[in-house]
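Enquirer: The following block contains a protein sequence and its predicted model.
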Amino acid sequence: MFTGIDIVPETVPLDLEVNLLTGGLRISLSILVFATVVGSLPGQQAERSNGTSEAGPSPQVTTIQLGDSLVALTKVWKFRVGDSPIDPVTLGPLWAEPKFDDSNWEDVDLTPKAGAVDPVSGLSEFVPGWTAKGHPHYWGYAWYRIRVRVEARPGVKLALAGPSNVDDVYQAFDNGTVVGSFGDFSRKFPTIYYTQPVMFMLPDHPGSAGNERLIAFRVWMEPNTLFQGDDVGGFHIAPVLGEASAVTAKHEMRWLELIRSYSLSPIQAVMYGLLGIVACSLILFDREDRVYLWIGVQLLVSSLQYTATSIGSWTQWIGAMPLTILQQVFIIPMVYAGWVMTWRLWFRLRKPTWLPKALVVLVVLLMVSNALGSNIFFTWVSQPVSTAFNWLSIAVRLILAGLMLGNVFQGIRLEGLDGWLVLPAVVLAGISGFSTELRLLHVQTSFFLFGSSVTAFQMSNLLLVAALSVLLLRRLVVSVRTQRLMAQDVKQAQEVQQVILPEARSRLPGLIVESEYRPAREVGGDFFQIIPNPADGSLLIVAGDVTGKGLKAGMLVALLVGAIRSTAELNADPEFLLRALNRRLQGRGDAHATCLALRIEASGEAKLANAGHMPPYLNGQTIGIDGSLPLGMVDIPELSIMRVALKEGDRLVLISDGIVEAMDENGHLFGFQRVEELLRGETSASDVAGAAQSFGQVDDISVICVTRTAQLEAAAV
């Protein structure tokens, strides 16, 4: 005779309990757990019963009276660790069969205590697993069985919703027949996924006495799951049995709750991804400050982590173990070391110099210890070895947290406010690295906002991003202010350079001089000086081009112009002048300049000295002159010296290499041939410069045209 437990039909609250595998973060056990675990963890080869179907005590049956409703199967379940032997007749698991005698199994009540919640997800109706019910160190297979008698209207279709929070995967049986599973059981060790709601339609059993059913679950828990808490293992919420439409509605509600529970993960993934791209792009504004790149990479890695959490929580595209390896073995060590380097670079710390190399060693150690210390590779690594590596993981994380805090404390000492802004986020980040250990000590590390789980790790990341946003804004303000000052400096340098340039057109006794200067930037590197000597009627022209562009080149130009003026007062000989300029450039690093000096006497005789500059053109033809090195490259330069005579009507043109090197959008150079074609006519200096600039200016352009006239006129005052 069966003893029955009558359950008043009612619809249970539609609450969802999600797996303790929150975000895929699986970290090592605390010291308290290590002290009890060492040497005592049994393998999945638990004792297997050769139970038989011999008659025993009358099994307990739960009677369910259904309208259009469902009932949570909270009691009374029969439970046993280990795996079932195979029935030689049915070739199925013996423990799934209705006739098997389970009277000597443990009784398990899945009724939650009032107000009980999952410490990770925060959902109600949480029931501790088998590690909190007499099997503290067990991993592997276990079985749950319950006998039910369903009293329902004829024709009602029944469905079963599996436990929505379970460690880790299971197969469901109805009267010995597999009705479905969560997880892949086709291999020696099942493939697990993050817990998700699953429901199964149950077949009709018209031949069963009193509509009696034996519901059985074969559950598998990974050894790695032991390192997530002291209440893991098996069911954490009762399965639900009932009318198919009601179970379907319950199933849909559980999915909505699961989505809500992890709803912050995709939001953070998108937010950190966009912020990471923005941070990386800041390196384009200051290529020497690598901190922007480090911040960007950190944010992108965080985005990857939250993306993996979302994929693992809501899909079965990837198993839980590959995601765990990705996060624990790769992402977590990179995040630790990345933040240490980020704050080192942010506060511009130089000591200790060995820190970057030490971080590489620590990252490798943390990767190895996380992989081998969390039972991820339990088939290869023995338990004592795994425990030793777990200790190593804790030690390395403590060292990295200490280094990160040390950098921030140095930042407080050096920069004050910036360091204080970062300190709370860094402290929380260090604490979040030990969330599992703290949870084992019953310290709350997860909080719940409108049903969404917010972990200490997520909060630390949000605080870090908030602190970084404030710091980046402060740095941006300082950078903008600095750029304004630099722009003022450049503007002043441009004005100074315009002052030291001679007039565009001037008349001297027997000569007409035209000049044109068009810098490629605000401050150019080309220079020239036109210095008449009223005493003897001679004219000194010096033209050159310093290396580089911008403000640095402009400062070097100012130096050379000053040297030209002061030297010309002593001796206006072109050769003497170039040797003096060469001495000024010596010992100034990469300060080099091409330069050509030309002195035209009143008689038209001219002496030319050249140091690597473009040769001049006489009446449209290039003057042949030997090549030579620019100034500043050797102590005693070998200059090219030659003399020419300018007759009445002769036209001498000096140009810089910015003209021949002008380039169009197709990569074609302006070239010497175009220059010669321009100079065959009476093209002015302005026209020559304009032609090259319109073609495609890439460098400073300067042109000086000297024409010998017949009539000697007084120099303009």
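Expert: Arrived safely. Residues are numbered from 1 along each chain as shown.

Enquirer: Ile259 and Tyr193, how far apart?
Expert: Separation of Ile259 from Tyr193 (Cβ to Cβ, to the nearest Å): 16 Å. C-beta: built from backbone N, CA, C; applies to glycine.

Enquirer: Correction: the previous question concerned Val480.
Expert: Relative to Tyr193, Val480 is positioned 50 Å away (criterion: Cβ to Cβ).

Enquirer: Show me which of the two is the more surrounded one.
Expert: The neighbour count for Val480 versus Tyr193, taken as other Cβ atoms under 10 Å, is higher for Tyr193 (23 against 10).

Enquirer: mind checking the backbone torsions on the more buried one?
Expert: Taking degrees, to the nearest 10, you get phi -130, psi 160 for the backbone angles of Tyr193.

Enquirer: and it, what is it in contact with?
Expert: Applying Cβ atoms under 8 Å, 6 or more residues apart in numbering, one finds that Tyr193 lies in contact with Val169, Phe182, Gly183, Gly312, Gln316, Gly319, Ala320.

Enquirer: buried subset of these?
Expert: Of all the contacts of Tyr193 considered here, the ones buried according to neighbour count by 16 or more other Cβ atoms under 10 Å are Val169, Phe182, Gly183, Gly312, Gly319, Ala320.

Enquirer: ok, for Asp657, nearest residue in space, not its chain neighbours?
Expert: If the residues on either side of it in the chain are set aside, Asp657 comes closest to Met614, at 5.6 Å by Cβ to Cβ, 6 or more residues apart in numbering.

Enquirer: just Tyr138 next, same as before
Expert: Nearest non-adjacent residue to Tyr138, counting by Cβ to Cβ, 6+ apart: Val81, 5.4 Å away.

Enquirer: Can you give me the distance of the one you found to Asp174?
Expert: Counting by Cβ to Cβ, the gap from Val81 to Asp174 is 22 Å.

Enquirer: try Ser186
Expert: Plainly put, Ser186 is 21 Å away from Asp174 if you go by Cβ to Cβ.

Enquirer: Neighbour count for the two, which is higher?
Expert: Summary of the neighbour comparison: Ser186 and Asp174, criterion other Cβ under 10 Å, with Asp174 having more neighbours (22 against 8).

Enquirer: My guess is that one contacts Arg213. True?
Expert: Yes - the pair Asp174 and Arg213 qualifies as a contact (Cβ atoms under 8 Å) at a distance of 6.0 Å.

Enquirer: Following the top strand by length along the chain in sequence, what is the next regular element?
Expert: When the chain is scanned for its longest strand (criterion: DSSP state E), the result is strand 140-151. Going down the chain from strand 140-151, the next helix or strand is strand 158-161, by DSSP states H and E.

Enquirer: Note down every partner strand of that next one and its orientation.
Expert: Using DSSP bridges, the neighbouring strands of strand 158-161 in the sheet come out as strand 199-201 (antiparallel), strand 240-243 (antiparallel).

Enquirer: Of those strands, flag the one that's most buried.
Expert: The densest packing among the strands paired with strand 158-161, expressed as mean neighbour count by mean count of other Cβ atoms under 10 Å, is seen in strand 240-243 with a mean of 25.

Enquirer: Would you mind pulling the contact partners of that strand?
Expert: Residues lying outside strand 240-243 but in contact with it, judged by Cβ under 8 Å, 6+ apart, are 12, 64, 66-73, 148, 150, 152, 156-161, 202, 215, 247, 250.

Enquirer: Just the buried residues of these.
Expert: Burial by neighbour count, judged by 16+ other Cβ under 10 Å, picks out 12, 64, 66, 69-73, 148, 150, 152, 158-161, 202, 215, 247, 250 from these.

Enquirer: can you put the buried ones among the contacts of Tyr193 in JSON lines and add pLDDT?
Expert: Below are the buried ones among the contacts of Tyr193 laid out as JSON lines (pLDDT from 0 to 100):
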{"residue": "Val169", "pLDDT": "95"}
{"residue": "Phe182", "pLDDT": "95"}
{"residue": "Gly183", "pLDDT": "92"}
{"residue": "Gly312", "pLDDT": "89"}
{"residue": "Gly319", "pLDDT": "86"}
{"residue": "Ala320", "pLDDT": "86"}
